[in-house]
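Q: A predicted structure for the sequence below; I have some questions about it.
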Amino acid sequence: MRSSLRVCAEDGRLRVSGEVDLATWDTFRAALDGAVDGAAGGAVVVDLGELSFLDAGGVSILLGAWRAARGRGGDLRVENATGTVAAVLRVLDLADVLYGRARE
């Protein structure tokens with residue numbers, strides 16, 4: 001079985017669908033890096049509403065992009081995570097950070 005990932009970028013938003021796993025890490029990382037670079041210190045919104053799977057490596061990539069955005073004076077936040085993707089973020093205690101609800 002082959003994993004698939006689709007990332008659509010428009011107006012400072014990334015809409016991610018499919019699965020983030022070993023087979024799609026490079027695509028996911030490139031899309032996030034491009035969005036953070038393009039935001040030039042602004043906000044990047046990552047819509048995970050159509051993402052069905054996010055593994056530990058994908059979480060690491062997402063956090064790396066969040067750190068890179070914050071390091072440039074910007075922000076990266078996720079929205080619309082559902083099912084197992086939302087559960088992964090909750091279990092790892094990352095929901096507040098990645099949804100932009102964490103206290104500084």
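A: Right, received. Where do you want to start? Predicted, not measured: the structure shown is a model, and the values here were computed from it. Numbers count the residues shown, from 1 in each chain.
Q: all helices of this structure, in order?
A: 25-39, 56-71, 83-91, 95-98 (DSSP state H).
Q: Sketch out the low-pLDDT regions of the protein for me.
A: By pLDDT under 70, the weakly predicted segments of the chain are 1-2, 101-104.
Q: biggest strand in it by residues?
A: As assigned by DSSP state E, the longest strand anywhere in the chain is strand 43-54.
Q: picking that back up, save the helices of the chain as CSV, and put in mean neighbour count too.
A: Backbone N, C-alpha and C define where each C-beta goes, glycine included. What follows is the helices of the chain, written out as CSV (neighbours: other C-beta atoms under 10 Å):
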stretch, mean neighbour count
helix 25-39, 17
helix 56-71, 17
helix 83-91, 15
helix 95-98, 17
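Q: any chance of those in a markdown table, plus distance to V7?
A: Output for these, formatted as a markdown table (distance: least, C-beta to C-beta, whole Å):
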| stretch | distance to V7 |
| --- | --- |
| helix 25-39 | 4 |
| helix 56-71 | 12 |
| helix 83-91 | 15 |
| helix 95-98 | 17 |
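Q: quick one: the nearest residue to V7 once chain neighbours are set aside and G74, what's the gap?
A: Excluding the flanking residues, the one nearest V7 by C-beta to C-beta, 6 or more residues apart in numbering is A31, at 4.1 Å. Distance from A31 to G74, counting by C-beta to C-beta, to the nearest Å: 16 Å.
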